[in-house]
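Asker: Predicted model and sequence follow; I will ask about them next.
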Amino acid sequence: MSEERKESLAGVPVFIDRIEEGLAVIVLSEDDEFQFDLPLRYLPAGVKEGDHLRLNFQLDSASTEATRQRIAALKKELTKDADPDQMNFKL
C-alpha cells in the first residue's frame, strides 16, 4: 500500500477553530484557508475549541446502488405512459 493511501486511511488532520451556536468551525490543518461548519452532534462528545481530529471518508457502495435503483424506478414510472420515442415525456 502506498504511503499516500496509508495517510488517506488515517484521515485528514483538522482542528476545531471555534464553536458558534452549536456549530464547530473545522479548519484543515494542512490548509488553514479551507474551513467548514459542522453541527456538534456529528463530533465526539466533549470536543472543544483547539481540539485536533482526524476526518475520515468511506465509500458507501450500498447507498450509491440504492440511489441508482430508486432513480431508475422513478424514471420508469415517469415514462411508463409515454410513447416509445419519448415525444410526449411528462414531468
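Answerer: That came in fine, so what should we check first? Worth saying up front: this structure is predicted, and the values here are computed from it rather than measured.
Asker: The residue positioned nearest the centre of the chain and Leu43: what is the separation?
Answerer: For the chain, the residue nearest the mean C-alpha position is Phe57 (7.8 Å; Cα atoms, centre = their mean). According to Cβ to Cβ, to the nearest Å, Phe57 and Leu43 sit 15 Å apart. Bear in mind the C-beta positions are built from the backbone N, C-alpha and C, glycine included.
Asker: next one: His52
Answerer: His52 is 12 Å from Leu43, by Cβ to Cβ.
Asker: Give me the more crowded residue out of these two.
Answerer: Leu43 (15 against 10; other Cβ atoms under 10 Å).
Asker: dump the residue contacts of the closest residue to that one other than its chain neighbours.
Answerer: In this structure, Leu43 finds its nearest non-sequential neighbour in Ala24, 5.9 Å apart by Cβ to Cβ, 6 or more residues apart in numbering. Counting by Cβ atoms under 8 Å, 6 or more residues apart in numbering, Ala24 touches 16, 18, 37-40, 43, 47.
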